[in-house]
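J.: sequence and predicted structure below; questions after.
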Amino acid sequence: MTPHRFSIFLRFGFLVSSLGLTGSASAAPALVVVISIDQFRGDYLERFHRHFGPDGFNLLLERGANFVDCHYRHAHTKTAPGHAVILSGVHADVNGIIANDWIDRETFAWTSCVEDPSAAIVGLPPRTGPLLPGMGNPQKGRSPRNFLAVTVGDELKLNRGGRPKVIGISRKDRSAILMAGKTADAAYFMDGARMVTSTYYMNELPEWVRAWNAEEKVDAYFGRVWERFLPESAYAIQGPDDMPGEDTTAGRLGNTLPKKVTGGDAKPGPQFYSAFENTPFGNEVLEDFAEAAVLNEQLGRHPGVTDLLCLSFSANDSIGHLYGPDSHEVMDNVVRMDRTLAKFFAFLDKHVELKNCLIVLTADHGAAPMPERVKAASPHLVAGRIDSKVLQATGEAALNRAFGPLADGGNWLVRDDSWFLLYPAALKEKKVDAAAAQAVVRDALLTLDFVATAFTRAQLEKGEVQDELGRATLLSFNRARSGDVYFIAKPYFVSRKTGTNHGLPYNYDTHVPLLWFGAGVRPGVRVERVGVDDIAPTLARLLGLPAPPQSRGRVLF
């Protein structure tokens, strides 16, 4: 155990062996599996239901509880904020995860939500080429240091004397780390073809992970053709395969099925690994690693102990961004995801037995339809793509008109996704009050035809919001980390040149599945509106645990 991990143990009181079970030990599941499918809209379960087999989604739909109207309550529906809510039951205003990455208000440097300079990545291969997208600087490690909340996994450790194992697994570092919490035994994520972790958890990979990496599971897919899983006629519900707006360049995969997966490389290499991330095969490899984790860590096989496995499948997000929710690619991935889940559930039944498991399935966010699809459906619907340069220029011009240009002709603002930050030096030069400058930018943004609303930091700090969009924004606003002006685009406007995006507080982004299966779950369809923040207190209740201390959700059953 590393010194850092030992200090966490002490901080949470794990060495106090007198902490007993809060609930009935005999009724407790041996293994809890919490599954998040990245960018999985709530309507996918109904839209593609006829193509599911009996043992994947249908195992949960037919034998579990299905909350058909589950939503995120926050405005900034992105990957990290979503995963941070799932097992903490609290939003960015408290947990601090305002985005996947953000601009630090003091240094104006970008930081990843799980970046930790005091840690290092464990298991990286020797570098022979450029860094892969999304991995960032490997010299900067990963940990939940920026995560300011407590999760169900943390409560499980605290209230069971540290005996349960808690493990997070995903292709994305942020997804594995934020679901697993601060006291997890491990969080594993992918770099190219390898599963890696951080010195926050351990100083070297376990032998079983090194052995799994040595099998080169990803490389085995080099040159594989992504064919349709179903007859082509089944995909007619999605419209034509080749539609305007789809990405035609990513991974050299083209925008129609079938796709040969090489990335243009002659053998497995960086371009292939990047292309591989945009295929359903990534979910298959992740499921294989999850099986290895269950077997080698003996999850669910510790008498009198409940273990927790957090799984986040990322391929749907990569595919969805490129081709949109109405594409053949997304449909095919969902159908393949169903079979991947069936394989994993059969594995659990063999090695742990499903009667000893509690399974929760949800998603971190949905996705907007591509604006080209919207406009093709009806000329009366308004949709479009946001020009980032227009946003920046509008704010700068308004500030120059109100206060005069800066002496060096520099910028007043820097954009951080849906936020704008004002440079303190610019305010100081012009002797401008921050609240006044914020109001100028807000009012200027509201003149743009694709902006629905905007809020200033001054408004949000005082809670001066009156509508639903404002209340959702408050949940995404963190005083220490958020910017100065936040804007929300109108429905069906996306901030990508091709493909689609997510991040808005509209139903297509907020509505996600919520399925429960196993011990303590009463099967059936529930139609009341619930929140993803309800998962943590509900799961805690089922496990006989206190709810995470900051959680605000309600117990569903």
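T.: Nice, I can see it. Numbering: from 1, shown residues only.

J.: shaky segments in the stretch 1-150 of the chain?
T.: The stretch 1-150 of the chain contains residues with pLDDT under 70 at 1-27, 126-139.

J.: just the element for residue 479, please.
T.: Under the criterion of DSSP states H and E, residue 479 resides outside all helices and strands.

J.: return the backbone torsion pair for the nearest residue to it once chain neighbours are set aside.
T.: In space, residue 479 comes closest to residue 461 once its chain neighbours are excluded; the distance is 6.5 Å by CB to CB, 6 or more residues apart in numbering. From N, CA and C alone the C-beta is placed, and that goes for glycine too. Geometry field for residue 461 lists phi and psi as phi -60, psi -30, criterion degrees, to the nearest 10.

J.: so residue 461 makes contact with residue 482?
T.: No. Look at residue 461 against residue 482 with CB atoms under 8 Å: they stay out of range, at 9.7 Å.

J.: more neighbours, these two?
T.: More crowded of residue 461 and residue 482, by other CB atoms under 10 Å: residue 482, with 25 against 13.

J.: rank the helices and strands of this protein by mean pLDDT and give me the bottom one.
T.: Between all helices and strands in the chain, the lowest mean by mean pLDDT, DSSP states H and E belongs to helix 3-11, at a mean of 44.

J.: which element is residue 147 on?
T.: Using DSSP H and E, no helix or strand contains residue 147.

J.: dihedrals phi and psi, it?
T.: Here residue 147 shows phi and psi, under degrees, to the nearest 10, equal to phi -90, psi 120.

J.: start the count at 441 instead of 1 going forward.
T.: Okay, using 441 as the starting number, the last item reads as residue 587.

J.: dump the residue contacts of it.
T.: Applying CB atoms under 8 Å, 6 or more residues apart in numbering to residue 587 gives the contacts 524, 528, 535, 536, 537, 553, 554, 617, 618, 621, 622.

J.: what is the burial count for the fifth one?
T.: Read it as residue 537. 31.

J.: and it, backbone torsions?
T.: For residue 537, the backbone dihedrals are phi -90, psi 90 (criterion: degrees, to the nearest 10).

J.: is it true that it touches residue 526?
T.: No. The pair residue 537 and residue 526 does not pass the contact test of CB under 8 Å, sitting 11.2 Å apart.

J.: re the thing from before, which one of the contacts of residue 587 sits closest to residue 842?
T.: The shortest gap between residue 842 and any of these belongs to residue 536, at 32.4 Å (CB to CB).

J.: residue 734 contacts residue 788, correct?
T.: Yes. At 7.2 Å, residue 734 counts as touching residue 788 under the criterion of CB under 8 Å.

J.: now the common contact residues for these two.
T.: Taking CB under 8 Å, 6+ apart as the contact rule, the neighbours common to residue 734 and residue 788 are 471, 740.

J.: just the strands in the stretch 891-997 of the chain please.
T.: Counting by DSSP state E, counting those that start in this stretch, the stretch 891-997 of the chain forms strands over residues 891-896, 925-929, 933-934, 951-952, 955-958, 964-966, 970-971, given from the N-terminal end onward.

J.: who wins for proximity to residue 858 among the ones you listed?
T.: Judged by CB to CB, the one of the strands of the stretch 891-997 of the chain that comes nearest to residue 858 is strand 925-929, at 5.7 Å.

J.: by contact count, what packs against the closest one?
T.: On a contact count with 3 or more CB pairs under 8 Å, 6 or more residues apart in numbering; DSSP states H and E, strand 925-929 meets strand 859-862, helix 874-885, strand 891-896, helix 908-916.

J.: that one vs strand 891-896, what angle?
T.: Taking axes from the mean of the first three to the mean of the last three CA atoms, to 10 degrees, strand 925-929 and strand 891-896 form an angle of 160 degrees between their directions.

J.: what's in contact with strand 925-929?
T.: Applying CB under 8 Å, 6+ apart, the contact partners of strand 925-929 are 515, 826, 831, 835, 858-860, 862, 878, 881-882, 885, 890-897, 900, 909, 913, 916-917, 935, 944-945.

J.: quick one, helices of the stretch 441-590 of the chain?
T.: Counting by DSSP state H, counting those that start in this stretch, the stretch 441-590 of the chain forms helices over residues 443-451, 484-487, 497-503, 519-526, 532-535, given from the N-terminal end onward.

J.: list the contacts of the last one.
T.: Outside of helix 532-535, the residues within contact range by CB under 8 Å, 6+ apart are 514, 516, 521, 524-525, 528, 538, 587-589, 914-918, 990.

J.: restrict it to CA atoms and write it as PDB.
T.: Listed in PDB are the C-alpha atoms of helix 532-535, where the atom choice follows Å, rounded to 0.1, in the frame of the first residue of the first chain:
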ATOM      1  CA  ALA A 532     -20.700  20.000  -9.400                       C
ATOM      2  CA  ASP A 533     -21.800  22.800  -7.100                       C
ATOM      3  CA  VAL A 534     -20.600  20.600  -4.300                       C
ATOM      4  CA  ASN A 535     -18.400  17.800  -5.900                       C
END
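
J.: may I see the buried residues of it?
T.: 532, 533, 534, 535 (16 or more other CB atoms under 10 Å).

J.: tell me which of those residues is nearest to residue 955?
T.: Minimum separation from residue 955 among the buried residues of helix 532-535 (CB to CB) is found for residue 535, which lies at 23.6 Å.

J.: excluding its backbone neighbours, what's nearest the closest one?
T.: Once chain neighbours are set aside, the closest to residue 535 by CB to CB, 6+ apart is residue 589, at 3.7 Å.

J.: for residue 766, which of the helices of the stretch 441-590 of the chain is the nearest?
T.: Nearest to residue 766 among the helices of the stretch 441-590 of the chain is helix 484-487; the distance by CB to CB comes to 9.6 Å.

J.: mind listing what's buried along that closest one?
T.: Neighbour counts using 16+ other CB under 10 Å place 484, 485, 487 of helix 484-487 among the buried residues.

J.: regarding the spatially closest residue to the last one that is not a sequence neighbour, what is its secondary structure?
T.: Ranked by CB to CB, 6+ apart and with sequence neighbours excluded, the top spatial neighbour of residue 487 is residue 677, at 7.2 Å. Of the three states, residue 677 takes helix under DSSP: H, G, I helix; E, B strand; the rest coil.

J.: any idea how many residues pack against residue 677?
T.: The number of residues near residue 677, taken as other CB under 10 Å, comes to 13.

J.: tell me the pLDDT of it.
T.: Confidence at residue 677, expressed as pLDDT, is 96.

J.: residues in contact with stretch 824-839: which ones?
T.: Under the criterion CB under 8 Å, 6+ apart, residues 811, 851-853, 855, 860, 866, 877, 880-881, 883-885, 887-888, 890, 925, 927, 929, 932-937 lie in contact with stretch 824-839.

J.: likewise for stretch 642-659?
T.: When contacts are defined by CB under 8 Å, 6+ apart, stretch 642-659 is touched by residues 442, 445, 562-563, 626, 628, 632-637, 708, 713, 716, 725, 728-729, 732, 736.

J.: would you map out the domains in this structure?
T.: By the record's domain assignment, the chain is partitioned as 443-812+946-982, 827-889+891-929 (automatic domain parsing).

J.: and residue 818, which of these is closest to it?
T.: Checking those against residue 818 by CB to CB gives domain 443-812+946-982 as the closest, at 12.1 Å.
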